[in-house]
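1. below is the sequence, then the predicted model.
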Amino acid sequence: MLEAVIFDVDGTLSDTERDGHRPAFNEAFAIHGLDLAWDADEYRELLKITGGCHRIAHDLRARGIADATGQLAVAIHRTKTDLFCSQVADGRLSPRPGLVELIADLRNCGIRVTVATTGSRRWVRPLVHQLIGEGTAEVIVTGDDVSQLKPDPEVYLRALDELCLRPEDALAVEDSAVGLRSARAAGLATVIVTNGYTKDQDFDGAAAVHPGYDTGPALLADRCQQIHHNWWTS
Ligand code: XBP
Ligand code: MG
């Protein structure tokens, strides 16, 4: 029985990366006096490094910018988080088309809605409330709540633990190969809803791959139940 659907946030609930997080990182670099800006293609590659602070530290290292203690990366990421929080507060980010319908349908069917992300708690909670309504996600696990980020399964295992469910009772919804690895390592059947940044990634091991929530066969509660059932019975 499908009891819960666990959603990733970035790229899955909302198309946040290219025109949301990326400009916030770039503005933070400028504020900290760095002549550095990630273009859209470069950022696609950098998304393989999960967690904004790790991503910054990785790129500073690659460019030979000294940050022996990691304090510069931490400071830049704090500024980036402030900037991204402002974007959220301004209501600039919207749910992916068809998501709101799926959430409403899941709730009508008594299927619990949960969130598991690598992003920072400060912006994740207000964004999730804005996108799908306050109180809709029963559990929200963020990158600040775990010691290992995706592709480690910890964030999904933590969500399952808080829901008191086994992996076979839930379905993960992800947009990326890194997210798929995390969900699969937690033992979850996983649906991929691709976006412009992830559509060419390798989704071997996914239970289903959809180009959108409302493109092709609509991803609604009955389709989630069917995908989940097929995964565990085939
Ligand atoms: C996406 C991430 C995050 C965001 C930036 O996570 O890896 O690092 O790109 O957010 P997911 P932070 O797809 O799991 O939601 O700067 O807060 O890390
Ligand atoms: Mg994602």
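-> Nice, I can see it. Residues are numbered from 1 along each chain as shown. Ligands and ions are numbered 1, 2, ... in the order given.

2. C-alpha from now on. contacts and neighbour counts both.
-> Noted.

3. where along this structure do the strands fall?
-> With DSSP state E as the criterion, the chain has strands at 4-7, 112-116, 137-141, 170-174, 189-193, 208-210.

4. deepest of these, which one?
-> strand 170-174 (a mean of 27; mean count of other C-alpha atoms under 10 Å).

5. excluding chain neighbours, give the residue nearest to the residue of the chain found nearest ligand 2 in space.
-> For the chain and ligand 2, the shortest gap (C-alpha to the ion) falls at Asp10, measuring 4.2 Å. Take Asp10 and drop its neighbours on the chain: the residue closest to it by C-alpha to C-alpha, 6 or more residues apart in numbering is Thr16, 5.6 Å away.

6. picking up where we left off before, next, format the strands of the chain as TSV and append mean pLDDT.
-> Listed next are these as TSV, based on pLDDT from 0 to 100:
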stretch	mean pLDDT
strand 4-7	98
strand 112-116	98
strand 137-141	98
strand 170-174	98
strand 189-193	98
strand 208-210	97
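
7. what does the chain put close to ligand 1?
-> Proximity of the chain to ligand 1 (C-alpha under 6 Å from any ligand atom) is limited to residues 8-11, 21, 50-52, 117-120.

8. change it to 8 Å
-> Residues of the chain lying close to ligand 1 by C-alpha under 8 Å from any ligand atom are 8-12, 17, 21, 47-55, 77, 80-81, 116-124, 143, 150, 174-176, 179.

9. any figure for the gap between the nearest residue to Arg181 once chain neighbours are set aside and Thr117?
-> In space, and not counting its chain neighbours, Arg181 is closest to Pro151: 5.4 Å by C-alpha to C-alpha, 6+ apart. Counting by C-alpha to C-alpha, to the nearest Å, the gap from Pro151 to Thr117 is 11 Å.

10. same thing with Val9?
-> 6 Å.

11. these two: which is more packed in?
-> Thr117 (28 against 22; other C-alpha atoms under 10 Å).
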